[in-house]
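> A structural model of the following input is requested.
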Amino acid sequence: MSRIGNAPIHVPSGVDVKIDGNHITVKGPKGNLERDFNSEMTVKLEDNTITVQRPSENKKHKSLHGLTRALIFNMVEGVTNGFKKELEVNGVGYRVQKQGKNLVMNLGFSHQVTVSEIDGITIDVPNQNSIIISGSDKQKVGQFAADVREKRPPEPYKGKGIKYVDEVIKRKEGKAGKGAKS
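Numbering: from 1, shown residues only. As a prediction, this is how the structure comes out:
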């Protein structure tokens, strides 16, 4: 029995959901999202509540049941509240700034690294060492944040680079490790 798949999804006021076969469209104050889900799953909308049902108890259908419900829930949550990822830039001389729709980063290279906003993604730079990426599609927000982090991932010795705010970096000792005598 799937605990996630069996949970109903409450549709808040101001959010419009249309189900057409295996295609779902969700419209809300933060934007519009569309997705095709597996045709074997049955999705019903009754009294502002979405339910997902599976045809059988085999392993494939159980996995798809929870996945389909989670994807639809993320769509409803995204058009209602949106999602955001916060990144932190650490390092001497490392800084970021926003120029128009571009994120310009000084990351210790001989050149500046520039990343442009994509559809549905908003970049905010509250100060020169933090980046906030927000949008209504959870997958796009996470992927864009991962792409920005990839420009200079944090290194384990001094912790320099771009990291998620809640990320913990395992630190290593340098060459003069534990057994070194001076």
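
> where does the spatially most central residue of the chain fall, helix, sheet strand or coil?
What sits nearest the mean C-alpha location of the chain, by CA atoms, centre = their mean, is Gly142, with 2.6 Å. The assignment at Gly142 comes out as helix when based on DSSP: H, G, I helix; E, B strand; the rest coil.

> Let me see the contact set for it.
Contact partners of Gly142, counting by CB atoms under 8 Å, 6 or more residues apart in numbering, are 83, 85. Using the backbone N, CA and C atoms, a C-beta is placed for each residue, glycine as well.

> I'd assumed Asn74 was in a strand, is it?
No: under three-state DSSP, Asn74 falls outside any strand and is assigned helix.

> My guess is it contacts Ser136. True?
No: using CB atoms under 8 Å, Asn74 makes no contact with Ser136, being 9.7 Å away.

> Those two: which has the busier surroundings?
Ser136 (25 against 19; other CB atoms under 10 Å).

> And Glu34, how far from Gly78?
Computed with CB to CB, to the nearest Å, the distance linking Glu34 and Gly78 is 12 Å.

> For those two, work out which one has more neighbours and name it.
When Glu34 is set against Gly78 and neighbours are counted by other CB under 10 Å, the residue ahead is Gly78, at 23 against 11.

> how many other residues sit next to the nearest residue to Asp16 once chain neighbours are set aside?
Counting by CB to CB, 6 or more residues apart in numbering, Asp16 lies nearest to Lys27, which is 4.4 Å off, once chain neighbours are set aside. Here the neighbour count serves as a burial measure; for Lys27 (other CB under 10 Å) it reads 15.

> How about Gly174?
When neighbours are counted by other CB under 10 Å, Gly174 registers 8.

> 749 is where my numbering starts, stick with that
Fine by me, first position is 749 from now on; the one you just mentioned is Gly922.

> Is Tyr905 located within a strand, as I assumed?
No: with the criterion set as three-state DSSP, the secondary structure at Tyr905 is coil rather than a strand.

> residues touching it, list them.
The neighbours of Tyr905, taking CB under 8 Å, 6+ apart as the test, are 919-920, 922.

> can you do 10 Å?
Contacts here follow CB atoms under 10 Å, 6 or more residues apart in numbering; on that basis Tyr905 touches 917, 919-923.
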